[in-house]
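Novice: Test case, fold it:
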Amino acid sequence: MLKFLIPILFIPLISASKPNNSWPVSATALFLLTLASLAYIPSGLTLLNISSINLIADPLSTPLVTLTLWISALIILARFRFLSNKDRPAVFVLSVRTLAAILSLFFLTTHLITFYIIFEASLIPTMFLILIWGAQPERLQASLYLILYTVTASLPLLASLIAIFYKNASMTLTLIIWVEPTSSLLLNIWWLISIIAFLVKIPVYSLHLWLPKAHVEAPLAGSIVLAAILLKLGSYGLIRLRSLFPHLNCSVTRILSSLCLIGACVTRAICIRQTDLKALIAYSSIGHMGLLTAAVLSSSKWGWEGALVIMLAHGLSSSALFSIANSSYEATHTRSLYLTKGLLSLFPAISLWWFLRCAANISAPPSINLFGEILLLPPILSSSIIFFPILILRSLLTGVYSLALFSSTQHGHPSNFTTPLPTSIPRNHLLIFLHIAPLFICILTPNFISAWL
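Specialist: Numbers count the residues shown, from 1 in each chain. All right, here's what the predicted structure looks like:
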């Protein structure tokens, strides 16, 4: 698989001789790399040494690399208006390609220090996307929130990795036996400090304040990157790090799982009363990732396999919802749910995509969201039966805000304060179709994306 993925590492280094024509070439290359990588998802472990960088391609990292390439191509396609209007198209395409290369390396590396460096380097292109193409002056504050939260939480991880190297004289994830870097009395505290960087990036409730701010102020490309890929860095890092000391997950499961599941219910309640469309989608992501985190911490095979399915499903579904919301914004020039009314009578074709996306959000069949949640529920309940009423409440609130979102935007009389513009163009339909189609196609072969252990 790596012989198909290595070209993505060199794409950012190639300066396009015709910047205005670089975006179709980049989008085509990313689509072709995505299709080529599909053939290698079911394959076993593949190792590749490039000087001092160790890369690994296994059934866990390969689907996430495929998702990264697919979403990167869709970002370029989604920002066709910026590219055609010559709004710094070369810089935009370069930022997207650089981010795709960084994220691909993150999912493939096995060296812990390289893992940390790439984990932090992904913030730089994302910050550029928010700062340069964000529409509001508050984008500066959103970028500051993003940097402060993630970098501050990552510093304990760096110290932890140094302590692991001091005790084990190795930084390779493929090492089988690891020695704990501290005494048994401080082991649980050390583990919490080590994984807090991933919990912020996921993010779990109470560490999430940077995410709605970044989503609201980011352009469509930044929102798609944050929801579809960057939130997966935390869950992927948590899965990889648990391979070092799997027994430590069990020691903190009940505390963190309770926080994640209660936070999922609270953010669902926030979604019900939310008036900004992008903020609503951002808070819904926190609820989805809270359920995923609780399953990963359960140290169960079902939980880890279901986590991969949810990562792929959430990456596609949340990205699709941001794309649909952007199409509505381009037509109505507002994100307020009070003003966005009656889209069914104005754009019936777009309303079909709204319905499919809201159905996937409540894990309706035949989406892979349902398959992922079925895998996640048993390991969570095996941790504690007390979580059962919390899970029921979370599912109920998910259905409430999803149905409220669809009915409030599609039904009713169109607002007199907006003058909707035509939005039913082939680009919008193609973009949303390419987001939603994998959600319903992958369920035909669920082992393809779940049986990685």
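Novice: Next, the nearest residue to residue 187 once chain neighbours are set aside: secondary structure please.
Specialist: Leaving aside its sequence neighbours, residue 187 sits nearest to residue 180 (C-beta to C-beta, 6 or more residues apart in numbering; 5.9 Å). Backbone N, C-alpha and C define where each C-beta goes, glycine included. Per DSSP: H, G, I helix; E, B strand; the rest coil, the secondary structure class of residue 180 is coil.
Novice: Give me the phi and psi for residue 180.
Specialist: Main-chain torsions, residue 180, degrees, to the nearest 10: phi -70, psi 140.
Novice: hmm, who's touching the helix or strand encompassing residue 431?
Specialist: Residue 431 is part of helix 426-441 when elements are defined by DSSP states H and E. Helix 426-441 is contacted from outside by 70, 74, 77-78, 80, 312-313, 316-317, 319-320, 323-324, 327, 349-350, 353, 356-357, 360, 366-369, using C-beta atoms under 8 Å, 6 or more residues apart in numbering.
Novice: that older thread, and the gap between the residue nearest to residue 187 and residue 254?
Specialist: Going from residue 180 to residue 254 by C-beta to C-beta, to the nearest Å gives 21 Å.
Novice: and the gap between the closest residue in space to residue 118 that isn't next to it in sequence and residue 411?
Specialist: In this structure, residue 118 finds its nearest non-sequential neighbour in residue 106, 4.3 Å apart by C-beta to C-beta, 6+ apart. Distance, residue 106 to residue 411, by C-beta to C-beta: 43 Å.
Novice: Please say which of those two ends up with more neighbours.
Specialist: Using other C-beta atoms under 10 Å as the criterion, residue 106 and residue 411 rank with residue 106 on top: 25 against 13.
Novice: can I assume the more buried one is in contact with residue 120?
Specialist: No - here residue 106 does not reach residue 120: they are 10.1 Å apart, not a contact under C-beta atoms under 8 Å.
Novice: quick one, strands of this structure?
Specialist: Applying DSSP state E to the chain gives strands spanning 46-50, 53-57.
Novice: Comparing those strands, which yields the minimum mean pLDDT?
Specialist: Note on these: strand 46-50 shows the lowest mean pLDDT, a mean of 52.
Novice: Could you tell me how many residues sit around residue 133?
Specialist: 20.
Novice: same question, residue 34
Specialist: Neighbours around residue 34, by other C-beta under 10 Å: 21.
Novice: ok, it to residue 73 distance?
Specialist: Taken as C-beta to C-beta, the span from residue 34 to residue 73 is 7 Å.
Novice: next one: residue 122
Specialist: Taking C-beta to C-beta, one finds residue 122 at 18 Å from residue 73.
Novice: Report the mean per-residue pLDDT for the helix ranked longest in the chain.
Specialist: As assigned by DSSP state H, the longest helix anywhere in the chain is helix 301-332. For helix 301-332, mean pLDDT is 88.
Novice: and what of stretch 341-352?
Specialist: Mean pLDDT, stretch 341-352: 83.
Novice: Show me where the stretch 1-150 of the chain dips below the pLDDT cut-off.
Specialist: Applying pLDDT under 70 to the stretch 1-150 of the chain flags residues 1-22, 42-53, 79-87, 135.
Novice: which ones are touching the residue nearest to residue 73 when sequence neighbours are not counted?
Specialist: What sits nearest to residue 73 in space, not counting adjacent residues and going by C-beta to C-beta, 6+ apart, is residue 30, at 3.7 Å. Contacts for residue 30 (C-beta under 8 Å, 6+ apart) come out as 8, 69-70, 72-73, 76, 100.
Novice: redo that, cut-off 7 Å
Specialist: Applying C-beta atoms under 7 Å, 6 or more residues apart in numbering, we find residue 30 in contact with 69, 72-73, 100.
Novice: Tell me how far it lies from residue 326.
Specialist: Separation of residue 30 from residue 326 (C-beta to C-beta) stands at 20 Å.
Novice: What of residue 434?
Specialist: Separation of residue 434 from residue 326 (C-beta to C-beta) stands at 14 Å.
Novice: Give me the more crowded residue out of the two.
Specialist: residue 326 (25 against 20).
Novice: Give me the distance between the more buried one and residue 98.
Specialist: Distance check for residue 326 against residue 98: by C-beta to C-beta, it reads 23 Å.
Novice: Can you show me the helices along the stretch 151-300 of the chain?
Specialist: 187-201, 210-217, 220-225, 231-242, 246-251, 253-273, 277-297 (DSSP state H, counting those that start in this stretch).
Novice: Off-centre distance for the fourth one?
Specialist: Translated: helix 231-242. 11 Å (C-alpha atoms, centre = their mean, to the nearest Å).
Novice: what sits against residue 328?
Specialist: With C-beta under 7 Å, 6+ apart, residue 328 has these contacts: 340, 343.
Novice: How many residues are close by residue 407?
Specialist: For residue 407, the count of nearby residues is 12 (other C-beta under 10 Å).
Novice: just the one 5 residues further on next, same as before
Specialist: Residue 412 is surrounded by 14 other residues when neighbours are defined as other C-beta under 10 Å.
Novice: Grab the nearest non-local neighbour of it.
Specialist: Closest residue to residue 412 apart from its sequence neighbours, by C-beta to C-beta, 6+ apart: residue 341 at 4.1 Å.
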